Structures are given as C-alpha cells and as structure tokens.
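Enquirer: Task: produce atomic coordinates for the following.
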Amino acid sequence: MAVKKRYEFNAETLAYELHKVPFMKRLSKGMIMFLLSLLAAGCWYFLYIKVFKLETPRTVQLRQTTARLRSRLEVLDRRMDANRHILQELQMRDNNVYRPIFGMDEIPAEERNAGYQFPEKYVWLQNYANSDFMVASNMKMDMLYKKAYVQSLSYEDVSKMAKRAGEMASCVPTIPPLFLNHIKFSSGFGVRVDPIEGGGRMHTGVDFAGHQGEPIYATGNGRVAEVDYSFFGYGNEIVVDHGFGYRTRYAHLSRALVRPGAYVQRGQQIALMGSTGRSTGTHLHYEVEYRGSKVNPMNYFKKDTSPQEYERMIKKQ
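Expert: Predicted coordinates for the structure are as follows:
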C-alpha cells in the first residue's frame, strides 16, 4: 500500500510543497505510541489476571501439561508401591524359608535398607514444583533398586547352596553318635537338677551312659574345629563343624582319635567314651548347635534306624 504524501501551501512561493516531518519528531512520536501500547497491554494483563482471575493460554497449557505429568507419576508411584509389597513378600520368604533350609543367616533389615537415609541426596529436586512428591518417588525408586539388588544376590547364594543339597544331606547330624543298644540314655535336653552342685540348670545336650572305651562316631560329614581338654568342664572334647550352620560337640571322652582340621565322615569313629572333666560317671555328653543356638539332638535322630542299619552305616567308613 502506497504511503500518502502530505503537501502544504507555501505563501512565499505561492505553491504546494511536499511536507517533510523531522526525524526526531517522528522518533518521539513512535516512542510515545510504543509506551502507550505497553501501558495498554499492562492494564489489560492486570485486568485479565488480577481482576477477572483469568489465566493466559500459555498458563493453561502449562497447567494441563503439569497435571498430565503428575498423573503419570502417580501411576508410577502406585506401581512402585505394588512392587514394594511383592518384594517384601519375597524378602520374608527368603529370610524365613529359603535361607534357613540351608542354614544361612537371614539378611537384616538394616542391610537391605542401607544407603537411603540421606535426604541431602535429593536436594536438587527441592526447587521444582511438587518437590515433596518428586523426592518421595525418587526415594522409593532408589530403595526398590537397592532391595531388588540385595535380593538378587541372596538368591544367587541360595542357588549355590541348593546345588550343594546332596552335600548338605550328608552333613546334617542325623544319626546317633554311638550304638543305642550298647548304652543307656541318662539325661535329656533342657533344664535339669545339676548332678554335682544341685539346683536347676540348663543342660544343652543329651547324655548317654555306657562302658569305658565305647566307640563314638561322627554324626555327619564335617571338619574337626576343636580338640580340647578342660579339667573343670567337658574334659576331653571334640567339636565338629558340619557347615550349613551345624556344629556338634562330643564331651567327657577318654580319648580323641582325630586332630583339629581333619575331615570326618558320617559314621567314622572319632573318639572313645570316658569320664573326664566335670563328670560323675562314664558317659558321652553330645550337643547339636544350629546357627549359634543349642538345639535338642534327639530331634535330628532317625528314630526308625535299626541296630543293623546303624551297623551298616558304621561299616561303610
């Protein structure tokens, strides 16, 4: 569109001449129009936002995008909660079923949750909108990753132990330490009257009374951990570490036939019955320890083992 030219009458020349506006005048006029436009825009924005409480299209778009993203995060958060419950069930089964089967200690909660008690790790999220929600979600995700990693390591350990299940069956102390038809069962596991000092006292094993020199046999495969003597205690004693959380003690022996570090097999003769140490007569004090706690040895014996079957097991060695 062509710009209209402005002419003015010149009284001196008696003619119409082209009117030229000075540059500074044009500039000042433009600046005034620009400032008036800014003022009008500011007034419009004030009325739109503050008076009528309306939102700009850009604000509406950002708010909708934020709502969609938060909705997705909430779905992810619910999924993490569901996975956390599943993982907790796996951890409980691992600690209470799988690991105890193979004599493995449970993994404590402080080890599974280690490394996520430091809020400063998530400081970088504090400047965002919905920062509390984002911090909680990130913490949940990190804990899930850590717990899943610890659980995977535990399953690897359990898998290795499962491959040794046959070996474990030979190591669990499941046979009596001597011929039961040659001896007399004299004292059980639990609180009893102390035969020397009197009064109630915990008896951490079982006693078998018999003849001097009665053969004593290892009740499961293992390695001799101790061969010791205590005048005021167990006298001559042998401790066998069977692995998988099991240890057995054979005490008041007249003689030990193995040395520390020796590998013994179930049914192998390891000692002779005696009455050494704190003893009132010839007998064997036999203990079973599982994962650090003394347990009743009678719970491990195969009750239906006949003397003939027992003799065959002994002769195999």
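Enquirer: Please parse this structure into its domains.
Expert: Taking automatic domain parsing as the domain assignment, the ranges for the chain are 7-51, 82-163, 172-315.
Enquirer: Which stretch among these is buried most, on average?
Expert: domain 172-315 (a mean of 17; mean count of other Cβ atoms under 10 Å). C-beta here means a position set from N, CA and C on the backbone, and glycine is covered the same way.
Enquirer: now it, how far from the chain's geometric center?
Expert: 36 Å (Cα atoms, centre = their mean, to the nearest Å).
Enquirer: What average pLDDT does it get?
Expert: Domain 172-315 shows a mean pLDDT of 90.
Enquirer: Centre-most residue in this structure?
Expert: For the chain, R112 is the residue whose C-alpha lies nearest the centre (Cα atoms, centre = their mean; 3.0 Å).
Enquirer: I'd like the next helix or strand past the helix or strand containing I216.
Expert: Element membership of I216 [criterion: DSSP states H and E] is strand 215-217. Toward the C-terminus, strand 215-217 is succeeded by strand 222-230 as the next helix or strand (DSSP H and E).
Enquirer: Strand partners (parallel or antiparallel) of whatever helix or strand comes next after that following strand?
Expert: Using DSSP H and E, the helix or strand that follows strand 222-230 in sequence is strand 235-243. Within its sheet, strand 235-243 is paired with strand 222-230 (antiparallel), strand 246-256 (antiparallel), according to DSSP bridges.
Enquirer: following the last one, which helix or strand comes up?
Expert: Once strand 246-256 ends, the next helix or strand along the chain (criterion: DSSP H and E) is strand 263-264.
Enquirer: Do a quick rundown of the strands in this protein.
Expert: 7-10, 15-18, 184-187, 190-193, 200-203, 206-209, 215-217, 222-230, 235-243, 246-256, 263-264, 269-273, 283-290, 293-295 (DSSP state E).
Enquirer: Paired strands for the shortest one, with orientation please.
Expert: Partners of strand 263-264 in the sheet, by DSSP bridges, are strand 222-230 (antiparallel).
Enquirer: and what of the fifth one?
Expert: Strand pairing for strand 200-203, determined by DSSP bridges: strand 190-193 (antiparallel).
Enquirer: Residues in contact with the strand it pairs with: which ones?
Expert: The contact list for strand 190-193, computed with Cβ atoms under 8 Å, 6 or more residues apart in numbering, reads 199-203, 296.
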